[in-house]
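Asks: Task: produce atomic coordinates for the following.
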Amino acid sequence: MVNRNPSPATRFRKGTSGNPGGRPARKPFTEALLAELHRPARGTDGPTKLEAGVRRLMDQFVGGLPHAQKLVLEYVEGPPTQRIDFRGEVERLADEYGMPFDELYARTLRVIEGSRVN
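Replies: Down below sits the predicted model:
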């Protein structure tokens, strides 16, 4: 049963974190994967597994494999941006609610511009 009136000693204190240590920076799987990527690919000398993997990816990229080209370009350039045209939807809503299109469109743009993260 829930105690609706906890004592001040055990009550949640405003401004105090219930998890002072916070979430760990990395997870165990990530730590193990990073450790393995930095081990030598073969024997004790030579490139690491990470370097060998990047070299193979680049060979596939140069060889024209589409999946490798897409992956490399998205990591280097970022994913392509898509233009979204919402004029049709604004026009429909303006008709539905009896508002002038220009006014609703201008309001919509202000909302979108205000929500952009720089």
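Asks: shaky segments in the chain?
Replies: Counting by pLDDT under 70, the chain shows low-confidence ranges at 1, 115-118.
Asks: for it, what spans make up the helices?
Replies: Here the chain has its helices, by DSSP state H, at 28-37, 49-62, 66-77, 87-97, 101-115.
Asks: so which of the ones you listed gets nearest residue 43?
Replies: Nearest to residue 43 among the helices of the chain is helix 49-62; the distance by CB to CB comes to 12.0 Å. Every C-beta, even on glycine, is put in place using the N, C-alpha and C of the backbone.
Asks: Next, count neighbours for residue 99.
Replies: Residue 99: 14 surrounding residues under other CB atoms under 10 Å.
Asks: Spit out the contact partners of it.
Replies: Listed by CB atoms under 8 Å, 6 or more residues apart in numbering, the contact set of residue 99 reads residue 93.
Asks: quick one on the thing from earlier: how about the helices of the chain in CSV, adding distance to residue 19 and mean neighbour count?
Replies: Shown next, in CSV, are the helices of the chain (distance: least, CB to CB, whole Å; neighbours: other CB atoms under 10 Å):
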stretch, distance to residue 19, mean neighbour count
helix 28-37, 18, 11
helix 49-62, 33, 14
helix 66-77, 33, 12
helix 87-97, 42, 12
helix 101-115, 29, 11
